[in-house]
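Enquirer: structural data only, the sequence is not supplied:
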């Protein structure tokens, strides 16, 4: 097991009606001038935003608001949010929404205390200060409610880039599964694909003998496999929504990754896809993962066989473990299809002829991508081709 | 799923040689006058204490020390520690050792900022202030390095009582698995029994459909079942020690308990045992759990069958699930015997004729114990008898 630090200080407030505690929590975490940041009209229409505002008012907390975050959140709104924060001396950002609203809020939190361009932090600069961010989650997928990460797409060149810092981990996150019961089936399924991918990026590793992290990751994926079809069949199944919501947090607060090397090549390949086509991140991952798995499985057949047996309940073929490994990949694809996810380029609206564009935007040059297998640009081309 | 809050803000610093970072970490967490609190001479003999002191000196942190914590830590040393803290204006407690040293440190941390008797907090009073506590763990068992709990035995009447508060969660915990390689086999095994028990107290619940918490708990126990025999066979197996060390934290920071009612009757019954006979807590749990399981299994046979199949790899007897449930209990006993743990009173040095004494010290009266099944004093007598 590799040495590691694990730090997940977010205060999670989970369950029915917990958004009514927003005001009390903001005060507890020393917020006095709040920017409420959200996305589409759905948080307005559902009445959630009103409940949050009422809670803040009741607690005597000043707030202003900025809506309009789009999926694959853009730099434009981030710049706008930073301006608001500076002008109004905002000291606390409250994101209401899914991963996009949260990631956008994190970017604003970083930019608000910085004189230069916030994009510096998405292109390598280390974050040293940020306003506190809290979240009220409405979509189970990105895990941003408990993570150190943020992904933003810059409108100049549609570059999708990420940053990481303990300073942008939410100080508190309100997770009310009821808020996810109105999600469309496609978003529910794409969320499941995203969560599973967060574990898989950490599961395929060259670090041996980290049984505890393997087992916890398997636990999270198996839960998602069991609960997603229930949520799709009956969108108001609170228990299914609750299990998925907590699994989504666990999938990405790094408890499934500690003690070992992680991969993340598939996420990077997907970022190019969703940068170019503006597809849902989880759907893009459902397309890229089978291709990546098929390409790299011979690097460690035993690991893929373990994944197949323990996660997908495949029967171990002791004489031919590679058959079991392959069967696990097939089961992954079957599951994704069964919940309505695409698994090939065409189903996503992506085109084989754009592969050179994807490679060019990625701009890997002579560097490599990922850790499980260090992929060259040529490897990545072949993986994109496998996904066609 | 029940509403819950989950808060685990401890900064975990895991891996080889990490104790050399003690001084840097104490400073980072604002400690300037430190009480180092430890138990037996082993941390002295091993050189660990010297390494910690050197690290504190190098960081320019003042410290004083108080050793002598015994297993099932006593009130006497706590009173002594509180006096030292008050006299020397200590602002940070660093526990070096296992659960006993940590629990004793937590008690001192609470008492140091209180004018009355610290025991008030172990008999119902709510903790409102405490000095920050950090830990350097040398024994994988109690999970106190990431938990809100502390258990102390008062010398007056040998009463073993506990308290809980987010204020006594360690601010940081250094977990170096190397430090556990010198543990005697019995302590390693008792640690495993304790960790498994921490999950089981949370696993047997009347709250339905909390799949994610079930799965995570199963992951932790399965890891302990796999890794403990490896650590016993080769005490220097770093990977086994590392997996056990992290599993022990996960078993008790409540990630295995969120979203549902928990039980804890078996811990309470064991506290009377170890209060009276001063036996190792984990060994006492290995004796009490089979008795408790046999007594309550008919309350929810399906749950015990799930435990048997998923954790102990029993074959499901679909026609007679109670057979599977029973087989799971048998496998638990077999495992405990295989690692050298007692599973009956006699092996522990406990006596059937003391059962009335155990019941009297517990002093349950007309109240009940536990949640899975609410046990009366008569139930508890029968469970103690089953353990004979």
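Expert: Good, I have the coordinates. Computed from a predicted structure; not experimentally measured. Residues are numbered from 1 along each chain as shown, chains lettered A, B, ... in the order given.

Enquirer: residue A:30: how many residues sit nearby?
Expert: Counted by other CB atoms under 10 Å in any protein chain shown, the residues lying close to residue A:30 total 10. C-beta: built from backbone N, CA, C; applies to glycine.

Enquirer: assumed residue A:163 was part of a helix.
Expert: No - the assignment for residue A:163 is strand, going by DSSP: H, G, I helix; E, B strand; the rest coil, so no helix is present there.

Enquirer: dump the residue contacts of it.
Expert: Contact analysis of residue A:163 by CB atoms under 8 Å, 6 or more residues apart in numbering or on different chains lists A:106-107, A:110, A:121-122, A:127, A:149-150.

Enquirer: so it versus residue A:87, what's the distance?
Expert: 24 Å (CB to CB, to the nearest Å).

Enquirer: likewise for residue A:302?
Expert: Separation of residue A:302 from residue A:87 (CB to CB) stands at 57 Å.

Enquirer: next one: residue A:354
Expert: 41 Å.

Enquirer: and these two? which has more neighbours close in?
Expert: Between residue A:354 and residue A:87, counted using other CB under 10 Å, residue A:354 has the larger neighbour count: 17 against 9.

Enquirer: that one and residue A:272 touch, don't they?
Expert: No - under the criterion of CB atoms under 8 Å, residue A:354 is not in contact with residue A:272, lying 9.5 Å apart.

Enquirer: and the angle for the lengthiest helix in chain A with helix B:211-233?
Expert: Criterion DSSP state H: the longest helix present in chain A is helix A:211-233. For helix A:211-233 against helix B:211-233, the angle between stretch directions is 160 degrees (axes from the mean of the first three to the mean of the last three CA atoms, to 10 degrees).

Enquirer: so which bits of helix A:211-233 are buried?
Expert: A:211-228, A:230-232 (16 or more other CB atoms under 10 Å in any protein chain shown).

Enquirer: next: stretch A:172-188.
Expert: Buried residues in stretch A:172-188, counted by 16+ other CB under 10 Å: A:172-181, A:183, A:187-188.

Enquirer: filter the buried residues of helix A:211-233 by proximity to chain B?
Expert: Among the buried residues of helix A:211-233, the residues that sit close to chain B (CB under 8 Å from any CB of the partner chain) are A:211-213, A:215-216, A:218-220, A:222-223, A:226-227.

Enquirer: how about the residues you listed in TSV, adding pLDDT?
Expert: As requested, these are arranged in TSV below (pLDDT from 0 to 100):
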residue	pLDDT
A:211	98
A:212	98
A:213	98
A:215	98
A:216	98
A:218	98
A:219	98
A:220	98
A:222	98
A:223	98
A:226	98
A:227	98
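
Enquirer: could you list the contact residues of the stretch 201-350 of chain A toward chain B?
Expert: Residues of the stretch 201-350 of chain A lying near chain B (CB under 8 Å from any CB): A:208-213, A:215-216, A:218-220, A:222-223, A:226-227, A:238-239, A:242-243, A:246-247, A:250, A:255, A:258-259.

Enquirer: mind doing that once more with 10 Å?
Expert: Residues of the stretch 201-350 of chain A lying near chain B by CB under 10 Å from any CB of the partner chain: A:207-224, A:226-227, A:230, A:237-250, A:253, A:255, A:258-259, A:310.

Enquirer: stretch A:310-328: how far from the chain's middle?
Expert: 28 Å (CA atoms, centre = their mean, to the nearest Å).

Enquirer: how about residues contacting it?
Expert: The contact list for stretch A:310-328 (CB atoms under 10 Å, 6 or more residues apart in numbering or on different chains) reads A:196, A:199-200, A:203, A:214-215, A:217-222, A:224-225, A:293-294, A:297-298, A:300-309, A:329-332, A:334-335, B:222.

Enquirer: what average pLDDT does it get?
Expert: Here stretch A:310-328 scores 98 as its mean pLDDT.

Enquirer: mind listing what's buried along it?
Expert: A:310-312, A:314, A:317, A:321, A:323-328.

Enquirer: equivalent analysis for stretch A:290-307, please.
Expert: A:290-297, A:300-301, A:303-307.

Enquirer: again, but for stretch A:1-15
Expert: Those would be A:1, A:4, A:6-8, A:10-15, for stretch A:1-15 by 16+ other CB under 10 Å.

Enquirer: next step: those restricted to helices.
Expert: Using DSSP H, none of these sit in helices.

Enquirer: those residues: which ones sit near chain B?
Expert: Among these, proximity to chain B is found for A:1, A:4, A:6-8, A:10-15 (CB under 10 Å from any CB).

Enquirer: what's the closest of the residues you listed to chain B?
Expert: Checking these against chain B with CB to the nearest CB, the nearest one is residue A:15 at 2.8 Å.

Enquirer: list phi and psi for that closest one.
Expert: phi 130, psi -180 (degrees, to the nearest 10).

Enquirer: who are the contact partners of it?
Expert: Taking CB under 10 Å, 6+ apart, we find residue A:15 in contact with A:174-178, A:238, A:242, A:245, B:1-5, B:259.

Enquirer: and the strands in chain A?
Expert: Using DSSP state E, the strands assigned to chain A run over residues A:4-14, A:33-38, A:62-66, A:92-97, A:133-137, A:149-154, A:159-164, A:172-175.

Enquirer: what's the per-residue pLDDT of the most centrally placed residue in chain A here?
Expert: The C-alpha lying nearest the average C-alpha coordinate of chain A belongs to residue A:142 (CA atoms, centre = their mean; 2.4 Å). pLDDT, residue A:142: 93.

Enquirer: and the pLDDT for residue A:273?
Expert: pLDDT for residue A:273: 93.

Enquirer: what does the domain assignment say about chain A?
Expert: For chain A, automatic domain parsing gives the domain ranges A:11-179, A:181-386.

Enquirer: out of those, nearest to residue B:368?
Expert: domain A:11-179 (26.2 Å; CB to CB).

Enquirer: and the end-to-end length of that closest one?
Expert: With CA to CA, to the nearest Å as the measure, domain A:11-179 spans 19 Å from end to end.

Enquirer: helices along the stretch 251-388 of chain A, start to end?
Expert: A:265-277, A:281-296, A:301-306, A:312, A:321-338, A:345-348, A:355-362, A:377-386 (DSSP state H, counting those that start in this stretch).

Enquirer: actually, the stretch 51-200 of chain A.
Expert: A:75-88, A:99-111, A:185-203.

Enquirer: near chain B at all, the shortest one?
Expert: Read that as helix A:99-111. No - on the criterion CB under 10 Å from any CB, helix A:99-111 is out of touch with chain B, staying 17.9 Å away.

Enquirer: what angle separates that helix from strand A:149-154?
Expert: Using the same axes, to 10 degrees: helix A:99-111 against strand A:149-154 is 90 degrees.
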